[in-house]
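A.B. asks: have a look; sequence and predicted model below, questions after that.
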Amino acid sequence: MDLVRKGFDLTYDLIKPSVFYFTQNDPKKAHEFFVSFCRHLYNSGLEKFVLDNNSNYKNPGFELSNAAGFNKDGQFHPIILKFLGFDRVVVGTVTGDFWQGNPKSIVRFPETSSMVNWEGLHGTGVEVVARQLENYGDHGIPITINFMSTPGKEGDELLRDQEKTIRVTRNVPYVDRYELNISCPNTKGKDGKDERKRNLGMLDSMLCMADENLLPHQKLGLKVSPDSTEADVKDTLETARNHRVNWIVTTNTTTNHNPLYILNSPGKGGASGNAVYEDSLRVQKLYQSWIKELGLDLKLIAVGGINSPERVQERLDYGATGIQIYTSLVFKGPELLRGLRSHSYN
C-alpha cells in the first residue's frame, strides 16, 4: 500500500517540472489536469490501491483539510481527497450564482514556492455545486462549504445570495460546516473599493442571516484576511461573539506582495504560499490573543504557507486545532500530506 503511494508521489515530482513549464502562462490548466487525472482514477476504481497508505490511519492530533480554492466547485470526489490525506473536504468559495471570474489569473513563483491569483470568486453557482456533491453518494466524509456572495451584489441582494447558498446546500449529505469568506482580496464593489472592508461593515447582518438558516447541527467559521489590523481583529470578534460562530480560519491570501517571494508582482491579486506565511501567522497570533482577552470559546484553523511539520507545529503552538493546505501541495506534491500526518507533534 505504501509502496504504490510512494510511486505516485514520485511520479508527481518527476512530471511537475514539465507540467509547470507547459502551463506557465496559465497555471490553472495544471490544476485542471490534476482534477481530470483524479476523476479518471476514481472512475477506474483504483483510487484506494494507488493513493491509500499507512499515514492515512494516523491521527496527527489536528484536523487536516484542503483550503478553499483547491476544490472550488466540488470537482474532486471526497474519497479521492480522503485517500490523498485529508480528514475533511472544503468546497468553495461557492457563490449563489455563476460567476465568470478573470481569465489567466494565476502566476506561479516556483523559486519561492509562492503564487498570486486574482481569479475573483469564479464558479458554477451553488445549484451546480449541490448536485455535484449529492451525486457523490454515501462517502462518509465531512464537508465544509466556504461561501460568499456573487461579486457585484450589495445590501439585501448580497444577503439573499448568501442565504441561497446555505439553503441549497444545507441538506446535502455530510455538509456540517460553513466557512464565511469575508477576506477575498480579488473582488471590488461597484465603487471599485476593496470589498473586505465592506464585508466587515456588514458582518453582523451576514451572521444574522447565517444564524437563521443553518441547521442546528451545522457550525460556522469566518475566514479572515492576513492584512487585518488589530482593530479589525477586535471588531470581528466583538461581532462574532453575538452569533453562532465556532472558529476563525487564519488566513486568506495577502495583497502584500513581498519582493522576497513575489519576484515580479503582477500588481494585483492575493499572494499565497511562502509569501503569506509571516502575515498569516501574525494575524493568527492576534486572534489567539484577543480570543483569550475577550473570554471567547472560539477555535482557530490555520492556513497559509504551511509546508512543513515545523510550520504546522508553530501554528499549533499559537492555538490552531486544524490545518488547511493548498499552495504548498502544488509545490511539494501529495508527499507533503504523508509527511504532515506521520510527524509527531507536541
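C.D. replies: Perfect, thanks for sending it.
A.B. asks: host element of F83?
C.D. replies: Applying DSSP states H and E as the criterion places F83 in helix 78-84.
A.B. asks: same for that helix, what does it pack against?
C.D. replies: helix 28-43, helix 47-51, strand 89-94 (3 or more Cβ pairs under 8 Å, 6 or more residues apart in numbering; DSSP states H and E). In short, each C-beta sits where N, CA and C put it, glycine included.
A.B. asks: which outside residues touch that helix?
C.D. replies: Contact with helix 78-84 is made by 38, 41-42, 47-48, 51-52, 56, 66, 71, 89, 136, 139, 141, 143, 174, 334, 337, as judged by Cβ atoms under 8 Å, 6 or more residues apart in numbering.
A.B. asks: most packed of the helices and strands packed on helix 78-84?
C.D. replies: strand 89-94 (a mean of 28; mean count of other Cβ atoms under 10 Å).
A.B. asks: right, and the helix or strand after it?
C.D. replies: Following strand 89-94 in sequence, per DSSP H and E, is strand 106-109.
A.B. asks: helices or strands up against that following strand?
C.D. replies: Against strand 106-109 (3+ Cβ pairs under 8 Å, 6+ apart) you get strand 114-117.
A.B. asks: would CSV of the helices and strands packed on helix 78-84 with distance to P259 and mean pLDDT be doable?
C.D. replies: Output for the helices and strands packed on helix 78-84, formatted as CSV (distance: least, Cβ to Cβ, whole Å; pLDDT from 0 to 100):
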stretch, distance to P259, mean pLDDT
helix 28-43, 24, 96
helix 47-51, 38, 96
strand 89-94, 28, 98
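A.B. asks: and those as JSON lines, adding distance to E212?
C.D. replies: Formatted as JSON lines, those follow (distance: least, Cβ to Cβ, whole Å):
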{"stretch": "helix 28-43", "distance to E212": "35"}
{"stretch": "helix 47-51", "distance to E212": "39"}
{"stretch": "strand 89-94", "distance to E212": "19"}
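A.B. asks: so which of those is nearest N246?
C.D. replies: N246 lies closest, by Cβ to Cβ, to one member of these: strand 89-94, at 14.9 Å.
A.B. asks: tell me the strands beside that closest one, with direction?
C.D. replies: strand 143-147 (parallel) (DSSP bridges).
A.B. asks: for the strand it pairs with, which outside residues touch it?
C.D. replies: Here strand 143-147 has contacts from 65, 68, 78, 88-95, 126, 133, 162, 165-166, 169, 172, 174-181, 221, 223, using Cβ under 8 Å, 6+ apart.
A.B. asks: among these, which ones are buried?
C.D. replies: 65, 68, 78, 88-95, 126, 133, 162, 165-166, 169, 172, 174-175, 177-181, 221, 223 (16 or more other Cβ atoms under 10 Å).
A.B. asks: now the terminal residues of stretch 243-262, how far apart.
C.D. replies: Using Cα to Cα, to the nearest Å, one end of stretch 243-262 lies 38 Å from the other.
A.B. asks: which one of the helices and strands packed on helix 78-84 lies nearest to S265?
C.D. replies: Judging those by Cβ to Cβ, what sits closest to S265 is helix 28-43, at 18.9 Å.
A.B. asks: kindly export the closest one (C-alpha atoms) in CSV.
C.D. replies: These are the backbone C-alpha positions of helix 28-43, laid out as CSV (Å, rounded to 0.1, in the frame of the first residue of the first chain):
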residue,chain,number,x,y,z
LYS,A,28,-4.9,26.9,-13.9
LYS,A,29,-4.5,24.3,-16.7
ALA,A,30,-2.2,22.3,-14.4
HIS,A,31,-4.9,22.2,-11.8
GLU,A,32,-7.4,21.1,-14.4
PHE,A,33,-5.1,18.3,-15.4
PHE,A,34,-4.8,17.1,-11.8
VAL,A,35,-8.6,17.2,-11.4
SER,A,36,-9.1,15.2,-14.6
PHE,A,37,-6.5,12.6,-13.5
CYS,A,38,-8.1,12.1,-10.1
ARG,A,39,-11.5,11.8,-11.8
HIS,A,40,-10.3,9.1,-14.1
LEU,A,41,-8.6,7.4,-11.1
TYR,A,42,-11.8,7.3,-9.2
ASN,A,43,-13.8,6.1,-12.2
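A.B. asks: what is the least confident helix or strand in this structure?
C.D. replies: The helix or strand of the chain with the poorest confidence is helix 195-201; it has a mean of 91 (mean pLDDT, DSSP states H and E).
A.B. asks: residues touching that one, excluding its own?
C.D. replies: Contacts of helix 195-201 (Cβ under 8 Å, 6+ apart): 151, 154, 182-185, 187-189, 206, 225, 227, 232, 235-236.
A.B. asks: please redo it, this time with the cut-off set to 10 Å
C.D. replies: 121, 148-149, 151-152, 154, 158, 180-189, 191, 202, 206, 222, 224-225, 227-228, 231-232, 235-236, 239, 252, 255 (Cβ atoms under 10 Å, 6 or more residues apart in numbering).
A.B. asks: just the buried ones from those residues?
C.D. replies: Buried among those (16+ other Cβ under 10 Å): 121, 148-149, 151, 158, 180-187, 189, 202, 206, 222, 224-225, 227-228, 232, 236, 239, 252, 255.
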